[in-house]
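Peer 1: Quick one: sequence and predicted model below, then my questions.
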Amino acid sequence: MFSAIKTLHQGVDVCINNAGLARPEPLLSGKTEGWRTMIDVNVMAVSICTREAYQSMKERSIDDGHIININSMNGHSVVPQSVVHFYSATKYAVTALTEGLRQELREAKTHIRATCISPGLVETGFAFKLHDNDPERAAATYESIRCLKAEDMANAVIYVLSAPPHVQIGDIQMRPTEQIS
């Protein structure tokens, strides 16, 4: 993917890591395969894309780039639903990775910024993947409250990218007004 970006667009100035996958795999009975899939998508893919984006910026002397990790409120608190406990662990990892990245970028003396955007419930296909054996439960997830929309997420990204060069936005935590946890 990064090779194609280099060929078509010279490189990456802004990287938005939007990986997010949850499988219904509780800590006490979950399948290793489901856990591994969540680690691969939610942690490894974010880390690999971050490294490659930084290398692209460094090769081209881009000093004002931005790496944005779309995280989750589950990366800041654990909800009492066993099917998302392992998912929460992967999103806590994204929180730590983003702060570690910010620190490493400072050590490298760059002005590249790192930000997490941590939404609560966003109306996407996420619940349908989590509850793939129970489509009614998945649909009910989005019907119970007025959820965030893709446009809300896009507005948060625009806000982060619009910040003056001397402003580092570390994390935006956002959720629907009606969301309890």
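Peer 2: Thanks, I have the structure now.
Peer 1: Go through the chain and flag its longest strand.
Peer 2: strand 113-119 (DSSP state E).
Peer 1: Run through who's touching the very next helix or strand once past that one.
Peer 2: Going down the chain from strand 113-119, the next helix or strand is helix 126-130, by DSSP states H and E. With contacts defined as Cβ atoms under 8 Å, 6 or more residues apart in numbering, helix 126-130 is touched by 20-24, 83-84, 87, 135, 137-139, 141-142. C-beta coordinates here come from the backbone N, C-alpha and C atoms, glycine included.
Peer 1: now the helices for this protein?
Peer 2: Along the chain, counting by DSSP state H, helices occupy 2-9, 32-39, 45-59, 85-107, 126-130, 135-143, 150-162.
Peer 1: any idea which of those scores lowest on pLDDT?
Peer 2: For the helices of the chain, mean pLDDT drops lowest on helix 126-130, to a mean of 71.
Peer 1: ok, for residue 41, nearest residue in space, not its chain neighbours?
Peer 2: Leaving aside its chain neighbours, residue 41 sits nearest to residue 21 (4.3 Å; criterion: Cβ to Cβ, 6 or more residues apart in numbering).
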